[in-house]
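# Take a look and give me a structure for this.
(chains A, B, C and D)
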Protein chains: 2
Amino acid sequence: MPTSDGPPTVETIAARAGVSTASVSRVLNGHGARPDTVRRVEQAAAELGYVPNGVARSLKGGRTRQLTFAMPDVGNPAYVSMVRQIQAVTKPLGYRLLLHSTDAVAEDELDVVRSLADRTSDGLILCPIRVTGAHLEVLARAARPVVVIGSLPGAAAVDSVRADSVSGTVLAIRHLMERGRRRIAFINGPADTVPGRNRRIGYETALREAGAVPDPALAVTTEFGIEAGARAAHRLLDAHPGIDSVFCANDQLALGAAHAAHDRGLRIPEDLAVVGMDDSELARAGHPALTSVDLGSGARGRIAAEMLVARLDGGAHEVRCETVAPRLVVRESTTGARTRVGSGAVVGVA
Amino acid sequence: MPTSDGPPTVETIAARAGVSTASVSRVLNGHGARPDTVRRVEQAAAELGYVPNGVARSLKGGRTRQLTFAMPDVGNPAYVSMVRQIQAVTKPLGYRLLLHSTDAVAEDELDVVRSLADRTSDGLILCPIRVTGAHLEVLARAARPVVVIGSLPGAAAVDSVRADSVSGTVLAIRHLMERGRRRIAFINGPADTVPGRNRRIGYETALREAGAVPDPALAVTTEFGIEAGARAAHRLLDAHPGIDSVFCANDQLALGAAHAAHDRGLRIPEDLAVVGMDDSELARAGHPALTSVDLGSGARGRIAAEMLVARLDGGAHEVRCETVAPRLVVRESTTGARTRVGSGAVVGVA
DNA sequence: CCGCGAACTGTAATCGTTTACAGAGTGATC
DNA sequence: GATCACTCTGTAAACGATTACAGTTCGCGG
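Model prediction:
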């Protein structure tokens, strides 16, 4: 029998209402009971300010109503919009969301998946920076459903949502070529990641498709960040003054490139057209506003969340793998058109 | 006795190692045992890939090793940097972080505090958009330690960390006046929030302090957002062409104002100086880069996290209330100096 | 060889909830 | 009035770990 100290439990309520703990539980969960019993239990619970212990409930029920989202970097706007959309799906269903920042450390990613075995979370949305054999092995044994945001080898038996960064890059390069640009530089992020590799592929694909020969000297890699983008742009422009446009692997790099251009007295887009990627708030923030490829991070978050909850309450479907189509959002940094803030013409869908 | 299905439990291990569940628990938690016992338990655990059930552990232990952070908007860079710093403090200590987005709904904020009673989280960092009597009442009865990021009436018995947005605003206005600006407009966020009110006070204080009379027509309020900032700036400049500078309650508004100025052919800072607030990535993203008041969101997150963990393992100290001093980060939007990207002179501390 | 203490181990209670099962009460029907 | 069906209730067993307590083993000194 619980003493007066400590928060009220089902037993406290039972004592006060003069019924058994079973009846308390039944009343509070809306299972049938005699009107009189219902009244007394509800009154006792209200008077004592009873709130069921969620941990005990999880232990019995085997479900925590918690989901985990693991991504490389809380600060990156692309992941922030994933978080927002995941919340939008899961919060109305009564799930809490655990955030895990892996800082792009592969071992940390594996740990998150492994820790599903502690039963502390009902499922995981994982955004790995790269996928190794170890990832696949660990994912295959995951103790709870996992949805991966990113590309997996076809064999993997895990739900996934991927961006099509090859097509996205092609959209951007094609757009630049249609505008008459020929010396198109490329500032990429770290090359040893899946998106990094794909963007590189897209860049070369689109150039070849247009009958041009990619010049390796025009494609550089660097860290993500505004400063890094500015430095890379300066180096490129120093070495190859003939460059008429630059495509960047995210909006931060693109903004950095735009700053570098300004510092050198180049006009955007007349002297240098700039295209970013992710269509984050930064793209609209720039002046001129940046043309940017939207890889649909929000959409990927939403779809991943939907897949996860479907697997949680639906049971076992076959493995799903969706791809989100990229959109090119055209703004002044490639057209020079004077548009009002907030506008932006959506051009293509791959 | 657990059958073969389901994940291994302490009982499965015990059976396989030929010992009792108590010994299993002791070995796994590093309490004393005979070398032979240790070896057998560890081997059995390793072979079965045993991971302790965190829910059961929490039930017995009364601690979940989970903390909750509730803020108005996941997308706002100020809150994102709080999240990052909170993670930096709590992750090394083995805490998981639950994110809760209240969407600035007061009732939602109250629910988060109340839900501490379900024992699902060991503590809460709450970032309320405004503090009502109901807030204080609910906070006083909170079932777990809470740290508030924001201003509380002195009487409240809750740890808190506040920004000094009055001083921050004074820094900005004083800076503008030192630069010879006299017609200083003010684009504020929603006025019925605590920060909104304080920024207004700071604006008027600094003007009076300098012997100027605040002109109510120059101070407007609007939603947060780039577009909103642009619209507000257009309205202000239409109505009062003599304005020579504008101070904005966050960087998004400031960027919007900068866009509006560009659209009207005004030069920044020659024709219009612009100051933002929060010193988010957006401030560096702008062209020219924005002078901005850093209210220390990251620092507030870090301090709040430290207070919370101190209260969790330390026990009961007296109530603490810290204030983070603002910094003015001066960039081109008020000086016109051609600085390289990434630089920015830090001027004053209140 | 006995007794003592230390070191280890096992049994069982505990955390707070849900729920299978069986018992108790109610009313209707023949 | 006995029987039956039905609804409601209480007892007790889970869920999976930790831990107080009591019991066992062992070494060692006398």
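# What segments of the stretch 51-200 of chain A are strands?
Along the stretch 51-200 of chain A, the stretches classed as strands by DSSP state E, counting those that start in this stretch are A:66-71, A:96-101, A:123-126, A:146-149, A:159-163, A:184-188.
# Direction included, what does the third one pair against?
Using DSSP bridges, strand A:123-126 pairs in its sheet with strand A:66-71 (parallel), strand A:146-149 (parallel).
# Would you convert the ones you listed into a markdown table that also reports distance to DNA strand C and mean pLDDT?
All C-beta spots, glycine's among them, are computed from the backbone N, C-alpha and C. Shown next, in a markdown table, are the strands paired with strand A:123-126 (distance: least, CB to the nearest atom of the strand, whole Å; pLDDT from 0 to 100):
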| stretch | distance to DNA strand C | mean pLDDT |
| --- | --- | --- |
| strand A:66-71 | 16 | 98 |
| strand A:146-149 | 26 | 97 |
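# now the strands of the stretch 51-200 of chain A as TSV including mean neighbour count?
Shown next, in TSV, are the strands of the stretch 51-200 of chain A (neighbours: other CB atoms under 10 Å in any protein chain shown):
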stretch	mean neighbour count
strand A:66-71	24
strand A:96-101	22
strand A:123-126	26
strand A:146-149	25
strand A:159-163	24
strand A:184-188	26
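# could you dump the ones you listed to a markdown table with distance to A:Gly225?
Listed next are these as a markdown table, based on distance: least, CB to CB, whole Å:
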| stretch | distance to A:Gly225 |
| --- | --- |
| strand A:66-71 | 17 |
| strand A:96-101 | 17 |
| strand A:123-126 | 24 |
| strand A:146-149 | 22 |
| strand A:159-163 | 21 |
| strand A:184-188 | 11 |
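# is the closest residue to DNA strand C within the stretch 151-300 of chain A in a bridge, and if so with what?
Of all residues in the stretch 151-300 of chain A, A:Asp159 sits closest to DNA strand C, at 27.2 Å by CB to the nearest atom of the strand. Beta bridges link A:Asp159 to A:Val147 when assigned by DSSP bridges.
# domains for chain A, by residue range?
A:10-52, A:63-163+A:297-325, A:165-294+A:328-349 (automatic domain parsing).
# what's the most buried one of those domains?
Stretch with highest mean neighbour count among the domains of chain A: domain A:165-294+A:328-349 (a mean of 21; mean count of other CB atoms under 10 Å in any protein chain shown).
# what mean pLDDT would you report for that one?
Average pLDDT, domain A:165-294+A:328-349: 89.
# Any part of that domain near chain B?
Yes. Interface with chain B: domain A:165-294+A:328-349 contributes A:226-227, A:230, A:252, A:255-256, A:258-260, A:262-263, A:281-282, A:284-287, A:289, A:338, A:340-342 (CB under 8 Å from any CB of the partner chain).
# And stretch A:207-221, end to end?
18 Å (CA to CA, to the nearest Å).
# And the contacts of that stretch?
Stretch A:207-221 is touched from outside by A:170, A:173-174, A:177, A:182-191, A:196, A:200, A:203-204, A:232, A:235-236, A:239-240, A:243, with contacts defined as CB atoms under 8 Å, 6 or more residues apart in numbering or on different chains.
# how far out from the middle of the chain is it?
29 Å (CA atoms, centre = their mean, to the nearest Å).
# need the helices for chain A, in chain order.
Ranges of helices in chain A, per DSSP state H, are A:10-17, A:21-28, A:35-48, A:54-61, A:77-90, A:106-114, A:133-140, A:165-178, A:194-209, A:226-239, A:251-263, A:281-285, A:297-314, A:332-335.
# So for B:Met82, which of these sits nearest?
helix A:77-90 (12.8 Å; CB to CB).
# which residues make contact with the closest one from outside it?
Here helix A:77-90 makes contact (CB under 8 Å, 6+ apart) with A:67, A:69, A:71-74, A:97, A:99, A:125, A:127, A:149, A:250-251, A:278, A:280-282, A:295, A:297-302, A:304-306, A:309, B:74-75, B:80, B:99, B:101.
# In the stretch 101-250 of chain A, what residue lies closest to DNA strand C?
Residue of the stretch 101-250 of chain A nearest DNA strand C, by CB to the nearest atom of the strand: A:Arg119 (13.2 Å).
# quick one, what contacts that residue?
Counted by CB under 8 Å, 6+ apart, A:Arg119 has contacts A:Gly62, A:Thr64, A:Ala143, B:Pro7, B:Asn53, B:Gly54, B:Val55.
# Not counting sequence-adjacent ones, nearest residue to A:Glu332?
A:Pro288 (3.5 Å; CB to CB, 6 or more residues apart in numbering or on different chains).
# picking that back up, any chance of a markdown table for the helices of chain A, columns distance to B:Ala210?
Output for the helices of chain A, formatted as a markdown table (distance: least, CB to CB, whole Å):
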| stretch | distance to B:Ala210 |
| --- | --- |
| helix A:10-17 | 62 |
| helix A:21-28 | 62 |
| helix A:35-48 | 57 |
| helix A:54-61 | 55 |
| helix A:77-90 | 38 |
| helix A:106-114 | 52 |
| helix A:133-140 | 61 |
| helix A:165-178 | 50 |
| helix A:194-209 | 52 |
| helix A:226-239 | 34 |
| helix A:251-263 | 33 |
| helix A:281-285 | 31 |
| helix A:297-314 | 45 |
| helix A:332-335 | 38 |
